[in-house]
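Student: quick one, fold the following:
(2 chains)
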Amino acid sequence: MYNAYKENSLRLNQDVCNGCGMCMQVCPHAVFALEDKRAFIQYPENCMECGACQKNCPVNAISVESGVGCATAMMYAALTGKKEPVCGCSKSSGCCNNSCG
Amino acid sequence: MNSTDINPCSCCLKKTYDTLTIRHHWDHFLARIGILRSHHRVAPGLYRLGNPTPTSPVFVTANYTLSFDALRSHLKGLSAFILVLDTRGINVWCAAGKGTFGTRELLNKIRQTGLSDIVSHRKLILPQLGATGVSAHTIKKESGFKVEYGPVRTADLPVYLKTGKASAEMRKVRFTLKDRLMLIPVELKNNLALLLIASLIFYFIGGWLAVAGIIAAALTGLALFPLLLPLLPFPNFSVKGFLLGSIPAVGLGILQFLSKPDLAVGQRIVLSLPYILGIPALTAFFALNFTGSTTFTSPSGVRREIYRYIPRMAGMAGISLLLILLLIFIT
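Tutor: This is a model prediction of the structure:
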């Protein structure tokens, strides 16, 4: 239904994977699947780089440049020279309105 | 041991209920339209729901009223503990993205509330979307508590608790028509002041038709765009916005053209151009900003879009403004 961006920064090192399946549990877009007790990236284009899989992989097999895909926050950061924020409306940032989730 | 290492007596445990009153629904309404943005908070800490015993389950949530209320109202008739993290009034997913719904805060709250002395088991149920900020294996290592990620939506909790498992469908975020409709009021409210000022200025420049142009661009970008999002072609939000915005742009451009039949054709075309270029640029800008409200855009994709399309939007808007200024001076 939604056509997402084609490329992203999600990488999985299958040699390190222990097949615990945690990435499948935390991924909100069903990007991962399990095959022969190893995870693999089944739908790479569905990844939104939220970083949940990386954070919960006990063997550090996953890497992703995570952040929140919010143009308002990124442009604000670019204009003010601050580091690119993650979402959440701290006092000073004119960030996205947190209507997500 | 520092000053936060307090082992609370049971009286420090706050009480909460599984029913919501009119007052809660009013608070949710205000939150949904973005009024008193940072006031929809619950005091962080450990809550008792019903009459929990040391074997009762522990649920973890954010201190945003919409998050906390969604959780407790879906635990009807259940006795449980609810551990509320201090996310500064931000929902679970956004707070997890920022790290306030995170590993460190969860470890702090486990310690501060003396949770390990209150419950006999070592299991925490977290909302799945909290996983962006929480590292389950680190929590286990540091506190002994095993993190279990429940479903994305609290409405699936009863089934999850019964079966002990979240189905693949429960693990997926959605972005339904209802979800998108809920966002429109806050999108409009956030841009209201700017729109009123722009309308006033454009009224003096181009009359009611110019005001209609501003309002059409805003309504198309802020309301129609979220509504039609899944139906619009191309992956980039900017392109979707340009396309959608060109509909009112052409309409109003033609109206402008027809409204001055006494002028030369060339002049009439120049008068129409600000509509045809300006409206799609504005709509595309609103559309690009909507990425922050969706449940599926990735930061690397959004960044590519910004670099690629913001210059084009600025160019189109710039030409429109130049033409408008030119028209003021020559007429």
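
Student: report the distance from the helix ranked longest in chain A to the chain centre.
Tutor: Taking DSSP state H as the criterion, chain A has its longest helix at helix A:71-80. With C-alpha atoms, centre = their mean, to the nearest Å as the basis, helix A:71-80 stands 19 Å off its chain's centre.

Student: quick one: buried residues of that helix?
Tutor: A:71-76 (16 or more other C-beta atoms under 10 Å in any protein chain shown). No exception for glycine: its C-beta is placed from N, CA and C like everyone else's.

Student: by mean pLDDT, point me to the weakest helix or strand of chain A.
Tutor: Ranked by mean pLDDT, DSSP states H and E, the weakest helix or strand in chain A is helix A:71-80, scoring a mean of 82.

Student: confidence score at the residue sitting nearest the centre point of chain B?
Tutor: Compute the mean C-alpha point of chain B, and by C-alpha atoms, centre = their mean the closest residue is B:Ser293, 4.2 Å away. On pLDDT, B:Ser293 comes in at 91.

Student: which ones are touching residue 20?
Tutor: All of this is about chain A. Contact partners of A:Cys20, counting by C-beta atoms under 8 Å, 6 or more residues apart in numbering or on different chains, are A:58-59.

Student: chain B is the one I meant
Tutor: Counted by C-beta under 8 Å, 6+ apart, B:Leu20 has contacts B:69, B:73.

Student: give me the pLDDT for it.
Tutor: In this model, B:Leu20 is scored at 93, pLDDT.

Student: quick one: secondary structure of it?
Tutor: In the three-state summary, B:Leu20 is assigned as coil, counting by DSSP: H, G, I helix; E, B strand; the rest coil.

Student: so what does it look like in phi/psi?
Tutor: phi -110, psi 140 (degrees, to the nearest 10).

Student: please apply the same query to B:Lys123.
Tutor: Torsion angles, degrees, to the nearest 10, at B:Lys123: phi -140, psi 130.

Student: list the contacts for B:Phe145?
Tutor: Contacts of B:Phe145 by C-beta under 8 Å, 6+ apart are B:110, B:115-116, B:122-124, B:139.

Student: which of the buried residues of helix A:71-80 come close to chain B?
Tutor: For chain B, the contacts drawn from those by C-beta under 8 Å from any C-beta of the partner chain are A:71-75.

Student: which other helices and strands does the longest helix of chain A contact?
Tutor: With contacts taken as 3 or more C-beta pairs under 8 Å, 6 or more residues apart in numbering or on different chains; DSSP states H and E, helix A:71-80 sits against helix B:265-289, helix B:299-330.

Student: quick one: work out the angle between it and helix B:299-330.
Tutor: Per axes from the mean of the first three to the mean of the last three C-alpha atoms, to 10 degrees, the angle that helix A:71-80 makes with helix B:299-330 is 70 degrees.

Student: and B:Arg23, how many neighbours?
Tutor: By the measure other C-beta atoms under 10 Å in any protein chain shown, the count of residues near B:Arg23 is 8.

Student: against B:Leu271, how distant is B:Ser79?
Tutor: To B:Leu271, B:Ser79 is 70 Å away according to C-beta to C-beta, to the nearest Å.

Student: so which of those two has more stuff around it?
Tutor: Set side by side, B:Ser79 and B:Leu271 show more neighbours around B:Leu271, with 21 against 15, by other C-beta under 10 Å.

Student: is any part of stretch B:158-165 close to chain A?
Tutor: No. If you take C-beta under 8 Å from any C-beta as the test, stretch B:158-165 misses chain A, and the best it gets is 10.1 Å.

Student: tell me which of the helices and strands packed on helix A:71-80 sits most buried.
Tutor: Across those, averaging neighbours per residue (mean count of other C-beta atoms under 10 Å in any protein chain shown) puts helix B:265-289 on top, at a mean of 22.

Student: elements contacting it?
Tutor: Judged by 3+ C-beta pairs under 8 Å, 6+ apart, the packing partners of helix B:265-289 are helix A:71-80, helix B:177-219, helix B:225-228, helix B:237-259, helix B:299-330.

Student: distance from that helix to the middle of the chain?
Tutor: The mean C-alpha position of helix B:265-289 is separated from the chain mean by 28 Å, C-alpha atoms, centre = their mean.
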